[in-house]
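**Student:** Sharing a model that was predicted from the sequence below.
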Amino acid sequence: MVSKKWIFGGLGWAFGGPLGALFGYGIGSMYDNKNKVSKGTDFELALLSLAAVVIKADGIIKKEELNCVKTFFIKSFGKYKADMYFKIFNDIKNKPFPSVRSICLQIDKNVNHSGRLIIVQFLFSIAASDDELLDIEVNLIKKISNYLHINEYDFQSVKSMYLSQSYDVDNDYKILEVSKSSSNEDVKKAYRKMAKKYHPDKLQNVSEDIIKMAQEKFNKVNQAYERIMKSRK
């Protein structure tokens, strides 16, 4: 079983508040034979709740987006748990939701900054899974990021990964959270800071797919830095 101690402190916080009300009866199935909540359940419920919000953003529940969520859960938590969560997900995705703000405030109180960044990256991967990142989806993820106290620089850095697959020097600067007017020394400092923040070796006892997301971001940071420095020669 995957431990998520690096992501959240305290166990069972998702079983109260708006998340508890949202998942309702399905929460009972999260208990093991000893009536204890399995480690990681809180974070997984948080991912599912916000995934459902983003999937419904444009009023159309798309197969590509659902597949993106299910694939992520299978890779991260195993097929058995993924199937169990998706039964609950399919039940709640068409039901009225608590306010996004109330869900985010509950998450913000119990998930650390690294975990909240993973959530934002996860939401962008869903929104972009149909090869079309809509303004309404970006605006919603931006609102969620604000509620999760993700600063503008971190938000723009993550978003820039999904705006375009083609080379764009403006996106490279956003990934490193610097501007074109920054000195070479400032760019180097920003690169070292971002590389340290997203280095996969910092993550311990987490699933392969979460490490893969961190590695993806780490690679983007390296590529952006190399292109910026090459363009300045």
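**Tutor:** Thanks, I have the structure now.
**Student:** so who does Cys68 touch?
**Tutor:** Neighbour list for Cys68: 125-126, 129 [criterion: C-beta atoms under 8 Å, 6 or more residues apart in numbering]. Quick note: C-beta positions are derived from backbone N, CA and C, even for glycine.
**Student:** Please tell me how far the helix or strand containing it is from the chain's geometric centre.
**Tutor:** Cys68 is part of helix 63-77 when elements are defined by DSSP states H and E. Its chain's C-alpha centre and that of helix 63-77 lie 13 Å apart, by C-alpha atoms, centre = their mean, to the nearest Å.
**Student:** then that helix to CSV, C-alphas only?
**Tutor:** Only the C-alpha atoms of helix 63-77 are listed here, as CSV (Å, rounded to 0.1, in the frame of the first residue of the first chain):
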residue,chain,number,x,y,z
LYS,A,63,-14.5,10.0,-22.5
GLU,A,64,-10.9,11.1,-22.8
GLU,A,65,-11.0,13.0,-19.5
LEU,A,66,-12.6,10.0,-17.7
ASN,A,67,-10.0,7.7,-19.1
CYS,A,68,-7.2,10.1,-18.0
VAL,A,69,-8.5,10.0,-14.4
LYS,A,70,-9.0,6.2,-14.4
THR,A,71,-5.5,5.6,-15.9
PHE,A,72,-3.9,7.8,-13.3
PHE,A,73,-5.7,6.0,-10.5
ILE,A,74,-4.8,2.6,-11.8
LYS,A,75,-1.1,3.5,-12.2
SER,A,76,-1.0,5.3,-8.8
PHE,A,77,-3.1,3.1,-6.5
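**Student:** Can you spell out which helices and strands pack onto the longest helix that the chain contains?
**Tutor:** If you go by DSSP state H, the chain has its longest helix at helix 208-231. Packed against helix 208-231 by the contact rule (3 or more C-beta pairs under 8 Å, 6 or more residues apart in numbering; DSSP states H and E) you find helix 63-77, helix 113-127, helix 152-163, helix 169-176, helix 184-198.
**Student:** now what about it, what contacts it?
**Tutor:** 72, 75-76, 118, 121-122, 125, 158, 161, 167, 169, 171-173, 175-176, 184, 187, 191, 194-195, 198-200, 202-203.
**Student:** tell me the angle the host helix or strand of Leu45 makes with helix 208-231.
**Tutor:** In this assignment (DSSP H and E), Leu45 forms part of helix 41-55. Between helix 41-55 and helix 208-231, the angle comes out at 60 degrees (axes from the mean of the first three to the mean of the last three C-alpha atoms, to 10 degrees).
**Student:** just to revisit the earlier point, now tabulate the contacts of Cys68 in JSON lines and tack on neighbour count.
**Tutor:** Putting the contacts of Cys68 into JSON lines (neighbours: other C-beta atoms under 10 Å) gives the following:
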{"residue": "Ser125", "neighbour count": "21"}
{"residue": "Ile126", "neighbour count": "25"}
{"residue": "Ser129", "neighbour count": "21"}
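**Student:** can those go into CSV with extra columns for pLDDT?
**Tutor:** Shown next, in CSV, are these (pLDDT from 0 to 100):
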residue, pLDDT
Ser125, 90
Ile126, 91
Ser129, 89
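**Student:** Pick the one among these closest to Leu140.
**Tutor:** Nearest to Leu140, judged by C-beta to C-beta, of those is Ile126 at 11.0 Å.
**Student:** so what's that closest one up against?
**Tutor:** Neighbour list for Ile126: 51, 54-55, 65, 68-69 [criterion: C-beta under 8 Å, 6+ apart].
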